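# sequence? don't have it. structure:
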């Protein structure tokens, strides 16, 4: 099923596709007036629509049928991760984690983070494409980058929060938190969190988390956590 994304106002009768989506629909896929296409709004709704104005810059469609996602998710997974030096790797991680159903992403700037710039608009476009590719209806929330300290303080009162670090200490196994309805997982940069960062997180009631016996790349750790939750709730 080919899906298109659009921001849709409540109780709208028609939808205007963005210039990018219009071009893809009309110029690339060669849709024309009267064709039926499917649109998502990123909020859990599918729309069956009919093209009324096949304009390649501002395609207009009429809503024929709206269907809300039938089975709300049983958990909320928030991955807070340090950007990688190679932007392609974090973009790949976000794309795949979106396909696996991660609900929220945050980007944390740590002491050892080598690339502090994050192109949020580009990441949102990647997430839109991933949602369409995997035939989902809900876009993940993608937050602006913030310092590690600010993030920890902001989430001081959040429950079910974990920091996946590489220092030797007793840690909770990932398999033992999968049943949580809400989980926030911190994943550090290449080179791991510093000891001071780990102490700050633990002092704010983050719990140490093990992602297995192997030392994983930053983006692999994010994907590993996402896949574990996906498998647990859909097995």
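Now that the structure is in, tell me what you want to look at. If you're wondering where the values come from, they're calculated on a predicted model, not measured in any experiment.
# only C-alpha atoms for contact and neighbour calcs from this point on.
OK.
# Where do the helices of the chain begin and end?
In the chain, helices defined by DSSP state H lie at 19-23, 87-99, 120-133, 148-154, 195-203, 218-234, listed in chain order.
# could you redo these as CSV and give each row distance to residue 64, mean neighbour count and mean pLDDT?
Conversion of these to CSV gives the following (distance: least, CA to CA, whole Å; neighbours: other CA atoms under 10 Å; pLDDT from 0 to 100):
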stretch, distance to residue 64, mean neighbour count, mean pLDDT
helix 19-23, 18, 17, 94
helix 87-99, 27, 20, 96
helix 120-133, 20, 18, 93
helix 148-154, 43, 16, 96
helix 195-203, 50, 16, 97
helix 218-234, 31, 18, 94
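# For residue 166, find the nearest of the ones you listed.
Between residue 166 and these, the shortest gap by CA to CA is with helix 195-203, which sits at 10.0 Å.
# Residues contacting the closest one, please?
Applying CA atoms under 8 Å, 6 or more residues apart in numbering, the set of residues contacting helix 195-203 from outside is 148, 149, 152, 163, 165, 207, 208.
# and with 10 Å instead?
Surrounding helix 195-203, the residues in contact under the criterion CA atoms under 10 Å, 6 or more residues apart in numbering are 110-111, 148-149, 151-153, 155-156, 161-167, 186, 188, 192-194, 204-208.
# now these: which count as buried?
Of all those considered here, the ones buried according to neighbour count by 16 or more other CA atoms under 10 Å are 110-111, 148, 151-152, 161-166, 186, 188, 192-194, 204-208.
# Next step: these restricted to strands.
161, 162, 163, 164, 186, 207, 208 (DSSP state E).
# quick one: which of those residues is nearest to residue 180?
Comparing those against residue 180 with CA to CA picks out residue 161 as the nearest, at 10.2 Å.
# I figured the closest one was touching residue 174, is that so?
No: Residue 161 lies out of contact with residue 174 (CA atoms under 10 Å); the separation is 11.9 Å.
# Identify the contacts common to the two.
Taking CA under 10 Å, 6+ apart as the contact rule, the neighbours common to residue 161 and residue 174 are residue 209.
# So what's the model's average confidence on stretch 33-44?
Here the mean pLDDT over stretch 33-44 is 91, rounded to a whole number.
# Can you tell me how far residue 50 is from residue 58?
Here the distance between residue 50 and residue 58 works out to 14 Å (CA to CA, to the nearest Å).
# Which residue of those two possesses the greater neighbour count?
Neighbours of residue 50 and residue 58, each counted by other CA atoms under 10 Å, are more numerous for residue 50; the result is 21 against 18.
# Please name the spatially closest residue to that one (chain neighbours excluded).
Spatially, and ignoring its direct neighbours in sequence, residue 50 is nearest to residue 36 (4.4 Å; CA to CA, 6 or more residues apart in numbering).
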